[in-house]
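**Student:** Give me the fold of what follows.
(2 chains)
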2 protein chains.
Amino acid sequence: MTDPARLSLNLITVDHWSLGEAVERCASAGIRTVAPWRHKVASTGLAESARIIREAGMAVSSLCRGGFFTAPDATEDNRRAVEEAAALGAPVLVLVCGPPVARDLAAARATIAAGIERLLPFAADHGVRLGIEPLHPMMVGERSAIVTIGEALALARGFDDPGVGVVVDAYHVFWDPRLTDELAGAAGLIAGYHVSDWLVPTADLLAGRGLMGDGIIDLPGIRALIDATGYDGPIEVEVINPALATVPGDELLADIAARFARG
Amino acid sequence: MTDPARLSLNLITVDHWSLGEAVERCASAGIRTVAPWRHKVASTGLAESARIIREAGMAVSSLCRGGFFTAPDATEDNRRAVEEAAALGAPVLVLVCGPPVARDLAAARATIAAGIERLLPFAADHGVRLGIEPLHPMMVGERSAIVTIGEALALARGFDDPGVGVVVDAYHVFWDPRLTDELAGAAGLIAGYHVSDWLVPTADLLAGRGLMGDGIIDLPGIRALIDATGYDGPIEVEVINPALATVPGDELLADIAARFARG
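**Tutor:** Got it, this is the predicted structure:
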């Protein structure tokens, strides 16, 4: 059993709802923590988003996302992301680090390390921890050159600074034969943990995720590895699948809470 | 420039052709080596397939595929695959090792190791080398629990037997931050090298591959790593993409040969 108080709903799961509707429905369903995405904060307005969250007494586990360090406007955009995280009360800014340019993965990885180094003092000034999220290798071409837990941990360790950690999403890392060994050395470095499930077959590279229990990820096994690192913070449910928009809202949140509690 | 004599066409690239048509077209295009798949050999007939290949003076680089060790009938099916490889003159049987059962990746990996161990003497008797092919991690749920070059090499090394090696497909391994280090220790273990390209965006998990040069894989860089292992055998072009069926055959093979020679 998982303490229901650790459940945070990553709001991409219910991207079909406005921020206000999502917060209100979560509050009604007894979910007290959320993780908003920046596109929804932008369309709602930053001050209005902060007001909605504050007035509902809702906690924020993270803001998704900064990163994309290989893009030309990365520095400015990431500073804005840090400011937004601080304004929303998000302790962590999730970093999706950006894809390679001109087929050069090594260069992308160096650019990413340099970008995090540049952002770190600004984030520290704002009380925001940077959470490097390794993505599944199938996302390397469009989203991130950081695609293994080992690489993300090595990158974070290189800063030797509590202001940088790693966000582990079971969906992105479950396949890795080195997962157990890597997480065994991750004490103090975990900045967040996300859950969903890998469906078989998987029909879509981005939006084909399943609810916990519907796929092939050994979630209890990975959870035990995360627990062993000492991480005891929020656990985000992040399920990107347009089919969830067809489920009645109350039913969806009750189902998510029940699956979360079981696992 | 790559020696054109090293080009082998993996026939899944032209799965819209019969085996006879594929061999005849390859011969006309100056391609002297092919790698057939078992479903096409089965529909053609094994003896007839062997006759077609032999009479065209065509070499065979590998047979795709054995493996699926986590399936109930794996032992018998893999023995048939070895016999087919021997009958076709294929020096290598490519192993796609099979997905996990009941969410247990560690158990699947143990089953795979045991399955290879059981098959190895039979394969050796038939003069067929077993080539463990690590697949892209996005294929873990449906095709293989072996999803990294490091794991495949460790598995092969464990047998300490020239009858087991690793088939490296650039498409499956290019994203790996450990690729350079792992291939640096792979001398003598490479049983084959496959090329295609990773398209951006990638629309399909299985059949969304591109021709060399159309995607983001640093093929010259990976080729240099393969060369450094001492591997000097056939290089298979294996592009799974239904759009290739719409290209006139002569044009397609000329394009493949030209791209191969450049890189």
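**Student:** Point me to the residue sitting closest to the centre of chain A.
**Tutor:** Centroid-nearest residue in chain A: A:Val94, 5.5 Å away (criterion: CA atoms, centre = their mean).
**Student:** Pull out the buried positions in the helix or strand hosting that one.
**Tutor:** A:Val94 belongs to strand A:92-96 when assigned by DSSP states H and E. Of the residues in strand A:92-96, A:Val92, A:Leu93, A:Val94, A:Leu95, A:Val96 count as buried by neighbour count, 16 or more other CB atoms under 10 Å in any protein chain shown. Every C-beta, even on glycine, is put in place using the N, C-alpha and C of the backbone.
**Student:** try stretch A:97-109
**Tutor:** Using 16+ other CB under 10 Å as the test for burial, stretch A:97-109 gives A:Cys97, A:Gly98, A:Pro99, A:Pro100, A:Arg103, A:Asp104, A:Leu105, A:Ala108, A:Arg109.
**Student:** what angle sits between the helix or strand that the strand holding A:Val94 is followed by and strand A:92-96?
**Tutor:** Counting by DSSP H and E, the next helix or strand C-terminal to strand A:92-96 is helix A:105-125. If you take axes from the mean of the first three to the mean of the last three CA atoms, to 10 degrees, helix A:105-125 sits at 170 degrees to strand A:92-96.
**Student:** Please see if helix A:105-125 touches chain B.
**Tutor:** Yes: contact of helix A:105-125 with chain B (CB under 8 Å from any CB of the partner chain) involves A:Leu105, A:Arg109.
**Student:** Which residues lie in contact with A:Asp169 in this structure?
**Tutor:** By CB atoms under 8 Å, 6 or more residues apart in numbering or on different chains, the contact list for A:Asp169 reads A:Glu133, A:Leu135, A:Tyr193, A:His194, A:Val195, A:Ser196, A:Glu238.
**Student:** can you do 6 Å?
**Tutor:** Contacts for A:Asp169 were tallied using CB atoms under 6 Å, 6 or more residues apart in numbering or on different chains; they are A:His194.
**Student:** circling back to that earlier point, could the buried residues of stretch A:97-109 go into CSV alongside pLDDT?
**Tutor:** Shown next, in CSV, are these (pLDDT from 0 to 100):
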residue, pLDDT
A:Cys97, 98
A:Gly98, 98
A:Pro99, 98
A:Pro100, 97
A:Arg103, 97
A:Asp104, 97
A:Leu105, 98
A:Ala108, 98
A:Arg109, 98
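**Student:** Looking at those residues, which one is closest to chain B?
**Tutor:** A:Arg103 (4.5 Å; CB to the nearest CB).
**Student:** neighbours of the nearest residue to the closest one once chain neighbours are set aside, just the number please.
**Tutor:** In space, and not counting its chain neighbours, A:Arg103 is closest to B:Asp218: 4.5 Å by CB to CB, 6 or more residues apart in numbering or on different chains. Neighbour count for B:Asp218, taken as other CB atoms under 10 Å in any protein chain shown: 18.
**Student:** which parts of chain A sit against chain B?
**Tutor:** Proximity of chain A to chain B, by CB under 6 Å from any CB of the partner chain, involves residues A:103, A:137-138, A:140-142, A:147, A:151, A:175, A:177, A:198, A:200, A:216, A:218.
**Student:** Emit the PyMOL select command for whichever of those residues are buried.
**Tutor:** Buried subset of the residues of chain A next to chain B, written as a PyMOL selection, criterion 16+ other CB under 10 Å:
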select buried, chain A and resi 103+137+138+140+141+147+151+175+177+198+216+218
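**Student:** Sitting in strands, which of the residues of chain A next to chain B do you find?
**Tutor:** The strands, defined by DSSP state E, take in A:Trp198 from those.
**Student:** For the residue of chain A positioned farthest from its centre, list the residues it contacts.
**Tutor:** Computed with CA atoms, centre = their mean, the residue of chain A farthest from its C-alpha average is A:Ala102, at 27.1 Å. Contact analysis of A:Ala102 by CB under 6 Å, 6+ apart lists nothing.
**Student:** give me phi/psi at it?
**Tutor:** Per-residue torsions, A:Ala102: phi 50, psi 40 (degrees, to the nearest 10).
**Student:** With B:Gly221 as the reference, measure out to it.
**Tutor:** For A:Ala102, the distance to B:Gly221 equals 12 Å [CB to CB, to the nearest Å].
**Student:** All the strands of chain A, residue numbers only.
**Tutor:** Under the criterion DSSP E, strands of chain A are mapped to A:7-10, A:33-35, A:59-60, A:63-67, A:92-96, A:129-132, A:164-169, A:190-195, A:197-198, A:209-210, A:235-237.
**Student:** which residues sit in contact with A:Leu46?
**Tutor:** A:Leu46 makes contacts with A:Glu84, A:Ala87, as judged by CB under 6 Å, 6+ apart.
**Student:** and it, what pLDDT?
**Tutor:** At A:Leu46, the pLDDT value in this model is 98.
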